[in-house]
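Undergrad: no sequence on this one, just coordinates:
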């Protein structure tokens, strides 16, 4: 059974954000950044598209919740996406709704039109998988905007794993150490065809 109430969805998003902020303050981050000025926690003069897998999305979001940079994220229009959108709004991340099957073209147009001072977070393996397999949307967006793609990978050895239908979600345990890597930016040629 899925919750369809708008108010209950907002409450769930707010409550999860409250717990998540408390958890984030206990975590110890250990990161490696391969290219200077690509960390989304800072406000650099250039913005990027960040690619992160569905199952390890929490560390980039935790760091964003603590530093509150200008980040917009692509979120599906399914009910699960509604919870995520409410949660992200509470931690200061703007959500743009759309996916491959529902509202994708409108979402891409909105992402292309984003002001230059907003970073973009995208999970390129979703919303329905397959697990850790990149879809073409992120490449198309990078081609149209001229923004480089920065891959993010994160790992937290002390964590819980919630299993989903095609992917899961890793949740770091309180007071644990979280590792992350921001890779070299990938520049996509302009005006690629679909």
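TA: Yes, it's here. Everything numeric here is computed off the predicted structure, so don't read it as measured data. Numbers count the residues shown, from 1 in each chain.

Undergrad: rest of the way, CA atoms for contacts and neighbours
TA: OK.

Undergrad: Let's verify the residue nearest the centre of the chain: helix, strand, or coil?
TA: The chain has residue 121 as the residue nearest its centroid, 4.2 Å off, counting by CA atoms, centre = their mean. For residue 121, the assignment made with DSSP: H, G, I helix; E, B strand; the rest coil gives strand.

Undergrad: cool, and residue 29?
TA: With three-state DSSP as the basis, residue 29 sits in strand.

Undergrad: Name the residues of the helix or strand bottoming out on mean pLDDT in the chain that are buried.
TA: Within the chain, confidence by mean pLDDT, DSSP states H and E is lowest for helix 104-112 among all helices and strands, at a mean of 75. By 16 or more other CA atoms under 10 Å, the buried positions in helix 104-112 come out as 104, 107-108, 111-112.

Undergrad: I'd like the distance between the residue nearest to the centre of the chain and residue 74.
TA: 7 Å (CA to CA, to the nearest Å).

Undergrad: repeat for residue 97
TA: 6 Å.

Undergrad: what is in contact with the two at once?
TA: residue 107 (CA atoms under 8 Å, 6 or more residues apart in numbering).

Undergrad: Quick one: the helices in the chain, in order.
TA: With helices called from DSSP state H, the chain shows them at 6-24, 58-67, 79-90, 104-112, 137-145.

Undergrad: Same list, the ones you listed, but as CSV with distance to residue 48 please.
TA: Formatted as CSV, these follow (distance: least, CA to CA, whole Å):
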stretch, distance to residue 48
helix 6-24, 23
helix 58-67, 14
helix 79-90, 19
helix 104-112, 12
helix 137-145, 9
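
Undergrad: roughly how far out does the least confident helix or strand of the chain sit from the chain middle?
TA: In terms of CA atoms, centre = their mean, to the nearest Å, the centre of helix 104-112 is found 16 Å from the chain centre.

Undergrad: and what of stretch 5-22?
TA: Distance, stretch centre to chain centre, for stretch 5-22: 17 Å (CA atoms, centre = their mean).

Undergrad: And that stretch, what's buried?
TA: Applying 16+ other CA under 10 Å to stretch 5-22 flags 9-10, 12-14, 16-17, 20-21 as buried.

Undergrad: can you redo those as CSV with distance to residue 52?
TA: Converted to CSV, the buried residues of stretch 5-22 look like this (distance: CA to CA, whole Å):
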residue, distance to residue 52
9, 25
10, 25
12, 24
13, 21
14, 23
16, 20
17, 20
20, 18
21, 20
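
Undergrad: got a pLDDT number for the closest residue to residue 96 other than its chain neighbours?
TA: Excluding its sequence neighbours, the residue lying closest to residue 96 (CA to CA, 6 or more residues apart in numbering) is residue 74, at 4.9 Å. Per-residue pLDDT puts residue 74 at 84.

Undergrad: In contact with residue 74: list those residues for me.
TA: Residue 74 makes contact with 95-99, 107, 120-123, according to CA under 8 Å, 6+ apart.
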